[in-house]
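J.: Predicted coordinates and the sequence they were generated for:
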Amino acid sequence: MDVNFGFCRDCKKRNTSLRWCQSCNSKRLEADFPNWTSGNKKIDEFLRETQLTARCWQEVFEWIPYSNIIEVELVGKGGYGTVYKAKWKGGCIIKWMRKEKTWKRWGTEFVALKSLYGDFNEFMHELKTLHRCTRFNPNGFECYGVTQDPITHNYMIVADFYGKGDLRQYFHYGSDKLDWSKKLDMLKQIASDLHNIHKANLVHRDLHSGNVLIDSITCIADLGLSRDENISQTFTEVSGVLPYVAPEVLHQQPYTKAADVYSFGMIMWEFTSYRLPFSERSHDIYLALDICKGLRPDPIEGTPPCYVKLMQQCWDSDPNKRPTAEYIAETLQSWFEGSDENIQNQFKTADEVDSMRERPSQVCEIHPSAVYTSRCLPTIPLGDFTF
């Protein structure tokens with residue numbers, strides 16, 4: 001259903017979002033084009049396109065001079081890039097102020113800077129994918145634009161900073177034990193985010209707890225490996241974090257939305273165990289073989305039966321039997337709302353069980369050959385294997 005945001009006081013056309021007129025604001029942004037450049041034609045063209053087509057402030061991607069970036073700190077290095085924490089002086093555009101004839105901005109805010117290891121085309125791919133997802137879900141992971149390190153000359157994506165880190169850190173390095181209401185709230189946000197990615201006809205292809213970010217909201221990030229589901233896929237190698245990769249992908253079959261759902265099932269297990277899946281094993285060809293033969297983590301004792309059932313459906317060996325992200329999001333939403341008394345009692349009982357046992361130790365042994373950053377993975381030729 002279309003939402004009525006009222007009419008623009010200048011052109012009298014309908015606003016395209018709250019306090020945002022695409023017709024007027026695109027002209028205001030275009031008038032500023034001569035005053036900035038990234039130094040790269042492709043980046044300039046893309047940023048200008050986002051500004052001319054923006055239906056809300058979240059869809060505006062800007063060129064952000066590095067002089068406006070301060071207090072840069074290294075956060076960490078992943079399989080495909082390096083992330084920094086910084087402050088952006090001024091912050092992002094929010095709305096046009098008619099009286100002052102200038103943009104109102106958020107104000108100085110914490111941001112994340114992401115520098116990719118790959119080539120420029122990979123950088124542009126992730127940038128465009130972030131914008132594509134924003135157009136389907138403006139309230140998800142926020143990207144603000146691009147800056148450039150003046151020393152390395154590397155272009156960096158500027159995005160929202162999530163102060164609590166990723167889900168892996170949240171679970172395994174000191175978070176408090178969560179009750180089931182909080183777990184369901186976080187999970188339904190992740191599932192909804194995945195549904196929006198799939199609505200954009202994208203497959204994430206690298207979903208794991210290290211790519212789920214937490215602050216006031218919980219959302220999926222790191223879309224560098226995502227691809228259009230309709231694009232023909234020919235695999236000579238598979239990338240990702242082995243415990244989260246679906247068996248059919250390990251057999252070099254196309255990576256579909258159902259493979260993302262498999263990964264979500266592993267995240268569901270982490271919410272019950274507070275541990276990394278298959279942390280006790282080497283992440284090698286033998287684990288890949290066992291996953292293809294049906295090996296999955298054991299459900300944690302005391303987990304609500306309805307939850308175990310959905311989790312196991314997500315990681316079913318047959319991708320055709322897995323639920324959609326939309327179904328998962330709707331199911332988790334209904335559980336969170338507590339509309340079914342039987343389901344509600346299952347989670348209430350689980351909370352009582354959890355309250356009587358200690359939270360699993362934060363310091364658990366991880367096999368020296370267990371790798372939880374994305375990398376090239378061993379695969380198994382399909383041969384006579386059938387699902």
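T.: That came through, no problem.

J.: which one is residue 18 nearest to, not counting chain neighbours?
T.: residue 5 (5.6 Å; CB to CB, 6 or more residues apart in numbering). Where C-beta positions appear, they are placed from N, C-alpha and C, glycine not excepted.

J.: Revised request: answer the last question for residue 213.
T.: Residue 213 sits nearest to residue 162 (CB to CB, 6+ apart), 3.8 Å away.

J.: Might one say that that neighbour is in contact with residue 212?
T.: No. At 9.4 Å, residue 162 does not count as touching residue 212 under the criterion of CB atoms under 8 Å.

J.: Show me where the stretch 51-200 of the chain has its helices.
T.: 120-136, 167-172, 180-199 (DSSP state H, counting those that start in this stretch).

J.: Who are the contact partners of the spatially most central residue of the chain?
T.: Residue closest to the average C-alpha location in the chain (CA atoms, centre = their mean): residue 220, at 1.6 Å. Counting by CB atoms under 8 Å, 6 or more residues apart in numbering, residue 220 makes contact with 140-141, 190, 193-194, 197, 204, 207, 211-213.

J.: Apply 7 Å and report the result again.
T.: 141, 190, 193-194, 197, 204, 207, 211-212 (CB atoms under 7 Å, 6 or more residues apart in numbering).

J.: want to try TSV for these, with distance to residue 299 as columns?
T.: Below are these laid out as TSV (distance: CB to CB, whole Å):
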residue	distance to residue 299
141	30
190	19
193	24
194	22
197	27
204	25
207	20
211	24
212	21
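
J.: quick one: contacts for the closest residue to residue 145 other than its chain neighbours?
T.: Closest residue to residue 145 apart from its sequence neighbours, by CB to CB, 6+ apart: residue 62 at 3.8 Å. Contacts for residue 62 (CB under 7 Å, 6+ apart) come out as 47, 144-145.

J.: what's the closest of the residues you listed to residue 125?
T.: Using CB to CB, residue 47 comes nearest to residue 125 of those, at 15.2 Å.

J.: residue ranges with poor pLDDT in this protein?
T.: 1-2, 79, 174-176, 230-236, 359-364, 382-387 (pLDDT under 70).

J.: where exactly do the strands run in it?
T.: All strands of the chain, identified by DSSP state E, fall at 62-63, 69-77, 81-88, 93-97, 102-105, 109-116, 143-148, 155-160, 202-203, 212-214, 218-220, 227-228, 238-240, 375-377.

J.: List buried residues within the contacts of residue 62.
T.: Among the contacts of residue 62, the ones that count as buried by 16 or more other CB atoms under 10 Å are 47, 144-145.

J.: Which of these sits closest to residue 291?
T.: Nearest member of those to residue 291, counting by CB to CB, is residue 144, at 38.0 Å.

J.: how far away is the residue nearest to the centre of the chain from residue 109?
T.: 21 Å (CB to CB, to the nearest Å).

J.: again, but for residue 331
T.: If you go by CB to CB, the gap between residue 331 and residue 109 works out to 35 Å.

J.: And residue 43, by the same measure?
T.: Taking CB to CB, one finds residue 43 at 22 Å from residue 109.

J.: Could you do residue 77 as well?
T.: 24 Å.

J.: follow-up on the earlier one: would TSV of the contacts of residue 62 with distance to residue 126 be doable?
T.: Below are these laid out as TSV (distance: CB to CB, whole Å):
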residue	distance to residue 126
47	14
144	14
145	13
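
J.: nearest to residue 171, of those?
T.: residue 144 (27.9 Å).

J.: contacting residues for the closest one?
T.: Residue 144 touches 61-62, 64, 92, 111, 158-159, counting by CB under 7 Å, 6+ apart.

J.: Please convert the buried members of these into ChimeraX selection syntax.
T.: Buried residues among these (16+ other CB under 10 Å), as a ChimeraX selection:
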select :61,62,64,92,111,158,159
